[in-house]
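Peer 1: Give me a model of this one.
(chains A and B)
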Amino acid sequence: MRRITAVAMAAAGSAVLLAGCTPAVPVAGVAEPVEVTAAVTDDQSARVQSQTFEELAVADEAKSTKTLDVRVGGDAKVVRGAEYKQQSADDGPKPDVLPADMQAVYVTSADTWPRVMVGVSDQPSEDTTPVVSVWVQDDVDTPYQFRNWAHMVPGATLPAMPGPTVGADELSMDSTIGDDTLQSYVDNYLELLRKGKDDDLNETFADDSYRDQLFTARGVLTEAAKKADGKYVDTVEPEEKSTYALATADGGALIFAPLRIDSSFSVEDAKVSVPAADEPLVDGDLVDKVTHEYLDMVVMYVPPADSEDLPAVVAADHHLVRVSPDGAK
Amino acid sequence: MEIFLSLRTTGLIAGVIGVILLIVGFVADSVRPPEDVVAHADVSTSVVVVQSDFLTISPEGTLSVEGDGEIVAYTARPVDAEAWLAEVDYTEVNSLPDWEVLGTRDVAVPSPTPSPEPSSSTSASASAEAKTDEKKETPSPSPSPEEKESSSASPSPSASPEPAIVPTEADPFIATEGRSTDLWRNSFIATNRLDIAVDSVPTGLTLVVMTEDGSALTGTDLTLTRVVNDDWITPLLWWGAVLVVAGLIALVVLFIDLRPAQARGESWMASRSAEKKGIEKDGSRRSRRAAGAAIPQASLDDAPAITADAATAEEVTEAEADAESGVDASAESDGVLADRDRAAESDGVHGDQDTHADAESTEGVEAGVDHVNDATEGGPDDGPAPDGTEDRS
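Peer 2: Below is the predicted model of the structure:
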């Protein structure tokens, strides 16, 4: 009996020993956080850019927007189409050169959609400033799409942005800097564009060549319309749904605001005409009134609240997309 | 003889212990779990998802997914993957309940809720009529506008799906059902079985595995490395073997009559001892005893040789008393108490080694002689000690 007990004890001891040798089933821990918290990595953004400019190259070659399906859309597709039409005219202007090489890419860290990616190209030529390009991803199922571009305002400087590893916060237009919302900055600038340089708002924004050219053109056309007993009216409207903002490194904001500007020129007892380069864009028969429709892009830098700098438009383009006798469709 | 017995017994005990060690070692070796483990789970969906946290279970392991045809795997930010997965049924590998079993969770896209509006408009009804009988048996509760379009027979080009991004060498991402691939950061692709080293998946990203054609995957494996604390087994076996060998030797010796050898050994020891006697150092107690010259010749028959001038009658009486009792037999002074230890051992009394007067020493010498004689003649077993006490042995 004692022997049996001893053997049993030895067996039990062995079992305990062996059980101690077998480790427990591992349990999942907490993974290290994502290294690149930005919405897209360098590789992802490079892939988007590459496919975008491949698609653009094909379209440029064909002078047609039919192939602009995946990576190019929105206003960019419309503007590019207008440029192809103008290019088809005798001595028509060539489409804007959009360099594929970027000197900076701003990405968002957003977890929601839509998301924005911004590229600042190399300088295309000595006479042309770098191009600020805007891609937008509407939702997880749609690709980043090239929606707008604008050349930098001569002399302007883009603010420092968070690096591509962390990405920039995507700000809603309701976000505030100081006491004002981002939307109010855009609204004030549009109001300035409507009222002209004599308005008090002119002092609240840094000088930029974009609005200077707009005011100059307005003055010339208004004067010309007066001489013809006609009238010149332009309207400036924002595309709020397509307006985005990224937080800058210094606590400010970089706003990408597409605008729609219609310039109507009418004369009395006469027939209007348009320059030869704009002829391909004419949609209809022009008699005594002509409306030029523009899809503009304004990039505005709003400095942080404690800054003494004024909000400034750092990039803007005035893209003619349609000429019609009766205004916007 | 006793030494041999104890060695043999010790060897036998060692042998028994060795057998136990070998048994434990072999049992442990036989039931030792393998270090490389493959945990498996069957899968029936076309998409398998593994969150980054789960991959921490086996950072050096390999995740495998099986299916028919091209299998692709992508990584994405968890929030992006979650948004993408909102529209697909998938299986999430999320636990390891056992070493050989992967825990999974099937997630289905919520079915569309019935629309409260009576927007099952004329067009919807019309298109529903165009459906086949089979579709009528399983009517959709509330067809979405897209479903309405797809159910109609309109050849309108607007009904065609959004063109998919065609994968190229520069873009290895394959669009799934026209959905964007911009959220994917890394890609893996293989045919029928896709093996992905866990450490090749960037930390913090969710892994999404799917078939290219949308067919169901069949299973997924995760190789694990199980760290078994078995370093003690091999030494245990070696120690057991050594002890068993020792036990076997002891067992063999048990069946051999060693008495002749022991006798030879004892005689050899004795002879060696005798030889030693011949080379005793001069002046040693043994040599002096062998020579006998140094032992005072005391006549037991005569009266104690006491020098009159050295002792009074009282001293003599005292000396005799000491001699009889054997107590405090001061031996150091007589130089003969070579076998003092033995004498002390025999009478069981320890001398206090006090030096006495010469007369006392003399008497002590005599007493010592008695002891010496006792010891020489009979040894400890030969009778009572001078003090009358019985010898211990």
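Peer 1: mind checking the SS state of the residue in the stretch 201-350 of chain B that chain A sits nearest to?
Peer 2: Per C-beta to the nearest C-beta, B:G204 is where the stretch 201-350 of chain B lies closest to chain A, at 3.4 Å. All C-beta atoms are positioned from the backbone trio N, CA, C, and that covers glycine. Assigned with DSSP: H, G, I helix; E, B strand; the rest coil, B:G204 falls in the coil class.
Peer 1: can you tell me which residues contact it?
Peer 2: A:31-35, B:52, B:77-78 (C-beta atoms under 8 Å, 6 or more residues apart in numbering or on different chains).
Peer 1: of these, buried ones?
Peer 2: With neighbours counted by 16 or more other C-beta atoms under 10 Å in any protein chain shown, these contain buried members at A:31, A:34, B:52, B:77-78.
Peer 1: all strands in the chain, in order from the N-terminus.
Peer 2: No chain in the question, so chain A it is. A:102-107, A:115-121, A:131-137, A:145-151, A:170-171, A:176-177, A:180-181, A:231-238, A:244-247, A:253-266, A:289-302, A:312-324 (DSSP state E).
Peer 1: wait, I meant chain B there
Peer 2: B:36-42, B:47-50, B:62-76, B:90-98, B:101-107, B:186-197, B:206-211, B:217-225.
Peer 1: Contacts for the fifth one, please.
Peer 2: Under the criterion C-beta under 8 Å, 6+ apart, residues B:39-41, B:43-45, B:85, B:89-97, B:220-222 lie in contact with strand B:101-107.
Peer 1: switch the cut-off to 7 Å
Peer 2: B:39-41, B:45, B:89-97, B:220, B:222 (C-beta atoms under 7 Å, 6 or more residues apart in numbering or on different chains).
Peer 1: what's the answer for the fourth one, then?
Peer 2: Contacts with strand B:90-98, where a contact means C-beta under 7 Å, 6+ apart, come from A:25-26, B:39, B:41, B:43, B:45, B:47-51, B:54, B:57, B:102-107, B:220.
Peer 1: center of chain A - which residue?
Peer 2: A:V134 (3.1 Å; C-alpha atoms, centre = their mean).
Peer 1: circling back: now that we have the contacts of strand B:101-107, which one has the most neighbours?
Peer 2: B:V93 (26 neighbours; other C-beta atoms under 10 Å in any protein chain shown).
Peer 1: hang on, the residue nearest to the centre of chain A packs against A:Q145?
Peer 2: No - using C-beta atoms under 7 Å, A:V134 is not in contact with A:Q145; the gap is 9.6 Å.
Peer 1: mind giving me the domain ranges of chain B?
Peer 2: Domain segmentation of chain B under automatic domain parsing yields B:2-32+B:230-256, B:36-109+B:161-225, B:284-377.
Peer 1: Quick check: end-to-end length of stretch B:244-263?
Peer 2: Stretch B:244-263 has an end-to-end distance of 29 Å (C-alpha to C-alpha, to the nearest Å).
Peer 1: circling back to that earlier point, how about the residue of the stretch 201-350 of chain B closest to chain A, nearest residue that isn't a chain neighbour?
Peer 2: Excluding the flanking residues, the one nearest B:G204 by C-beta to C-beta, 6 or more residues apart in numbering or on different chains is A:V34, at 3.4 Å.
Peer 1: Now do that neighbour against A:V166, distance only.
Peer 2: 10 Å (C-beta to C-beta, to the nearest Å).
Peer 1: same question, B:Q51
Peer 2: 22 Å.
Peer 1: Poorly predicted segments of chain B, please.
Peer 2: Applying pLDDT under 70 to chain B flags the ranges B:1-5, B:112-177, B:274-393.
Peer 1: got the residues of it near chain A?
Peer 2: Neighbours of chain A within chain B, by C-beta under 7 Å from any C-beta of the partner chain: B:20, B:24, B:27-28, B:31, B:33, B:52-57, B:77, B:79-80, B:83-84, B:96, B:98-99, B:163, B:165, B:170-171, B:179-180, B:182-183, B:185, B:202-205, B:226-230.
Peer 1: Contacts only, for residue 246.
Peer 2: Went with chain A since none was named. A:106, A:108, A:116, A:118, A:161, A:168, A:170-171, A:253-254.
Peer 1: wrong one, I was asking about chain B
Peer 2: Contacts of B:A246 by C-beta under 7 Å, 6+ apart are B:11, B:14-15.
Peer 1: interface residues of the stretch 101-250 of chain A facing chain B?
Peer 2: So the stretch 101-250 of chain A meets chain B at A:111, A:137, A:140-144 (C-beta under 7 Å from any C-beta).
Peer 1: swap the cut-off to 6 Å and go again
Peer 2: A:111, A:140-144 (C-beta under 6 Å from any C-beta of the partner chain).
Peer 1: Identify, from those, the entry nearest to B:Q262.
Peer 2: Set against B:Q262, the nearest of these by C-beta to C-beta is A:D111 (92.4 Å).
Peer 1: related to what we said a few turns ago, kindly reformat the contacts of B:G204 as a markdown table and extend each row with distance to B:S64.
Peer 2: A markdown table is the format used below for these (distance: C-beta to C-beta, whole Å):
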| residue | distance to B:S64 |
| --- | --- |
| A:A31 | 20 |
| A:E32 | 23 |
| A:P33 | 26 |
| A:V34 | 24 |
| A:E35 | 25 |
| B:S52 | 18 |
| B:R77 | 24 |
| B:P78 | 22 |
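Peer 1: isn't the residue nearest to the centre of chain A right next to A:P258, touching?
Peer 2: No - using C-beta atoms under 6 Å, A:V134 is not in contact with A:P258, being 8.7 Å away.
Peer 1: Next up, the contacts around the closest residue to chain B within the stretch 201-329 of chain A.
Peer 2: Scanning the stretch 201-329 of chain A for the residue nearest chain B gives A:Y244, at 16.8 Å (criterion: C-beta to the nearest C-beta). By C-beta atoms under 6 Å, 6 or more residues apart in numbering or on different chains, the contact list for A:Y244 reads A:116, A:256.
Peer 1: so how far is A:G252 from it?
Peer 2: Using C-beta to C-beta, A:Y244 is found at 15 Å from A:G252.
Peer 1: Which pLDDT value belongs to A:S88?
Peer 2: Note for A:S88: predicted pLDDT of 90.
Peer 1: so A:E239 makes contact with A:A257?
Peer 2: No - with contact defined as C-beta under 6 Å, A:E239 does not reach A:A257; the gap is 7.6 Å.
Peer 1: more crowded one of those two?
Peer 2: Ranked by neighbour count (other C-beta under 10 Å), A:E239 and A:A257 place A:A257 first, with 28 against 16.
Peer 1: who touches that one in this structure?
Peer 2: By C-beta under 6 Å, 6+ apart, the neighbours of A:A257 are A:186, A:243, A:298.
Peer 1: As TSV, those residues with pLDDT would be great.
Peer 2: Converted to TSV, the contacts of A:A257 look like this (pLDDT from 0 to 100):
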residue	pLDDT
A:V186	97
A:T243	97
A:V298	97
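Peer 1: Out of these, grab the one that's most surrounded.
Peer 2: The most crowded member of those is A:V298, carrying 27 neighbours; neighbours defined as other C-beta under 10 Å.
Peer 1: Quick check: bridge partners of that residue?
Peer 2: Legend: beta-bridge partners of A:V298 under DSSP bridges are A:A257, A:A316.
Peer 1: Could you give the number of residues near the residue lying closest to A:I261 once chain neighbours are set aside?
Peer 2: Nearest residue to A:I261 in three dimensions, chain neighbours excluded: A:Y294, at 4.2 Å (C-beta to C-beta, 6+ apart). Number of residues near A:Y294 (other C-beta under 10 Å) recorded here: 20.
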